[in-house]
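> Below: sequence and its predicted model.
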Amino acid sequence: MNKVILVGHIGQDPEVRYIPSGTAVANFSLATSEKWGGETSTEWHKVVAWGKLAEIVGEYMKKGTLIAVDGRIQTNKWEDSEGNKRETKEIVASQIKMYGKKGEKQGQKQAEDDIPF
């Protein structure tokens, strides 16, 4: 089974584009952090969302937003212009839950209340 769940903050405003068929595609980075013994380790993940989910990402989510991504890992392989084999991994989102923005206080209204998914 290929399934991943990540909780973290969006690293930059999502980039939404439309492919020739008219389907929306959103790309963004997600930072996940782990703390132990006073040290923090941060991992960066490439995330892609398609269709209606991509449109919602573009409309409601911005840099710093805390989200949970449910999806799968996909490996993309290609050959660059010099003939070198390249490979990247990305998370293909099937569901995204928005928890609020980075630094938002507990007493403030959570942004997820306004999102239609």
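Cool, got the structure.
> Off-centre distance for the helix or strand harbouring Val47?
Using DSSP states H and E, Val47 maps to strand 39-50. Its chain's C-alpha centre and that of strand 39-50 lie 7 Å apart, by C-alpha atoms, centre = their mean, to the nearest Å.
> quick check, distance from the following helix or strand past it to the centre of its chain.
Note on strand 39-50: by DSSP H and E, the next helix or strand toward the C-terminus is helix 51-60. Its chain's average C-alpha position is 11 Å from that of helix 51-60, according to C-alpha atoms, centre = their mean.
> just stretch 66-82 next, same as before
11 Å.
> Of all the residues in it, which ones are buried?
Along stretch 66-82, these residues count as buried under the neighbour rule (16 or more other C-beta atoms under 10 Å): 66-67, 69, 71. Where you see a C-beta, it was placed from the backbone N, CA and C, and this is true even at glycine.
> what sits up against that stretch?
Contacting residues not belonging to stretch 66-82 are listed as 2-10, 30, 47-48, 61, 85-102, 104 [C-beta atoms under 8 Å, 6 or more residues apart in numbering].
> So, low pLDDT: which residues of this structure?
100-117 (pLDDT under 70).
> go with 50
103, 105-117 (pLDDT under 50).
> Tell me which residue is most central in it.
By C-alpha atoms, centre = their mean, the chain has its centre lying nearest to Val47, at 4.1 Å.
> ok, it touching Gln95?
No. When contacts are counted by C-beta atoms under 8 Å, Val47 is not listed as touching Gln95 (11.9 Å).
> Residue for residue, what is the longest strand this structure has?
strand 85-101 (DSSP state E).
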